[in-house]
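Engineer: Structure of the sequence below:
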Amino acid sequence: MSNILVTGSEGQLGSELRYLAQNQPVDANHIIFFYIDRSSLDLTDHTAVEAFIVANSINTIINCAAYTAVDKAETDVQNADAVNHLAVKNLALIAKEGSIRLIHISTDYIFDGTNHKPYTEDDASNPQSIYGKTKLDGEDAIRKINPKGAVIIRTSWVYSGFGNNFVKTMLRLGSEREQLSIIYDQVGTPTYARDLAQMILLIIEEPCKSDSVALYHYSNEGVCSWYDFAKAIFELTDIKCSVKPIRTEEYPTPAKRPNYSLLDKSKIKNEYQISIPYWRDSLKECLQILANNKAGTID
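Structural biologist: Numbers count the residues shown, from 1 in each chain. As a prediction, this is how the structure comes out:
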């Protein structure tokens, strides 16, 4: 019997995991999912989290919970640290104490964006924002505590039919305005949360590949800028909104973003013998789902 706890269940990735669990063949006699969000359980409360895990015989934790308001985090440091670092540390301690497998989601923002080739798992981290720093602190806590079989997955530019994200914002603004100005000098790869959720489900089905913490990079294939991403959204939906490319300095934000955060996915592809969908193909799939659900009623 596998009892799997999904934290951050109301977010994009948590929602996609729930969707896949409910709509794909799952042996209900052997796998039970439990879904929690910040309103149902405080992940920084060691006693409460441990009691929930023991009461429900949890043997796998998929931690999708995160403080992702990147700009707000610059001034809301305490809350960002609580969710992205202290809660993760707490889960790692409980996972080690209870021999529970922990899958944790991290971010490309732990890099400074000065590379000129895709970042590997061995490249040095150097976050430039509170969000990136607190996410790295969460990673470091897992590595220090070292729960057996733990996995950290760094991803980038996540979007979904669920929740709020760049794709939905572009669909809304593109239908309201004749022109949008979008940054062209920040380069990375979008990640469809459903593809990432599929990868996570594959990982938990496989035996642990290491006694220490395993670190992987995962995004969709290919590369684009935010400008390219917006152009593709409008092209695939026939939205007649022109897109003006602008530099990062023309759109100042409280938090600094990495200008280059392309992730090298060779490790996860080789170890799990997978192919990863091209970003435009996954975007097309997500847009079709949104269109079929009347542009967002999937929420």
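Engineer: all helices of the stretch 51-200 of the chain, in order?
Structural biologist: For the stretch 51-200 of the chain, the helices defined by DSSP state H, counting those that start in this stretch cover 77-81, 87-98, 130-145, 166-176, 193-205.
Engineer: helices or strands next to the second one in the packing?
Structural biologist: In terms of contacts (3 or more Cβ pairs under 8 Å, 6 or more residues apart in numbering; DSSP states H and E), helix 87-98 is packed against helix 46-55, strand 60-63, strand 101-107, helix 130-145. (Each C-beta comes from the backbone N, C-alpha and C, glycine too.)
Engineer: Next, format these as a markdown table and append distance to S266 and mean pLDDT.
Structural biologist: A markdown table is the format used below for the helices and strands packed on helix 87-98 (distance: least, Cβ to Cβ, whole Å; pLDDT from 0 to 100):
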| stretch | distance to S266 | mean pLDDT |
| --- | --- | --- |
| helix 46-55 | 34 | 96 |
| strand 60-63 | 23 | 97 |
| strand 101-107 | 18 | 97 |
| helix 130-145 | 20 | 98 |
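Engineer: I'd like those laid out as JSON lines, including distance to C241.
Structural biologist: Converted to JSON lines, the helices and strands packed on helix 87-98 look like this (distance: least, Cβ to Cβ, whole Å):
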{"stretch": "helix 46-55", "distance to C241": "45"}
{"stretch": "strand 60-63", "distance to C241": "37"}
{"stretch": "strand 101-107", "distance to C241": "29"}
{"stretch": "helix 130-145", "distance to C241": "29"}
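Engineer: can I get the ones you listed in JSON lines with mean neighbour count and distance to S261?
Structural biologist: Formatted as JSON lines, the helices and strands packed on helix 87-98 follow (neighbours: other Cβ atoms under 10 Å; distance: least, Cβ to Cβ, whole Å):
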{"stretch": "helix 46-55", "mean neighbour count": "14", "distance to S261": "31"}
{"stretch": "strand 60-63", "mean neighbour count": "25", "distance to S261": "21"}
{"stretch": "strand 101-107", "mean neighbour count": "24", "distance to S261": "9"}
{"stretch": "helix 130-145", "mean neighbour count": "22", "distance to S261": "10"}
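Engineer: Can you say which of those is nearest to Y119?
Structural biologist: Judged by Cβ to Cβ, the one of the helices and strands packed on helix 87-98 that comes nearest to Y119 is strand 101-107, at 11.5 Å.
Engineer: Give the pairing partners of the closest one; include direction for each.
Structural biologist: Strand 101-107 sits in its sheet next to strand 60-63 (parallel), strand 151-155 (parallel), going by DSSP bridges.
Engineer: before we move on, back to that, which one of the helices and strands packed on helix 87-98 lies nearest to S9?
Structural biologist: Minimum separation from S9 across the helices and strands packed on helix 87-98 (Cβ to Cβ) falls at strand 60-63, 9.5 Å.
Engineer: Now do that closest one: distance to the chain's middle.
Structural biologist: Mean-position distance between strand 60-63 and its chain equals 13 Å (Cα atoms, centre = their mean, to the nearest Å).
Engineer: And for stretch 150-164?
Structural biologist: 2 Å.
Engineer: Just the mean pLDDT for that stretch, thanks.
Structural biologist: Mean pLDDT, computed over stretch 150-164, is 97.
Engineer: before we move on, the earlier item: closest to G11 out of the helices and strands packed on helix 87-98?
Structural biologist: With respect to G11, and counting by Cβ to Cβ, the nearest of these is strand 101-107 at 9.7 Å.
Engineer: Perfect, that will be all.
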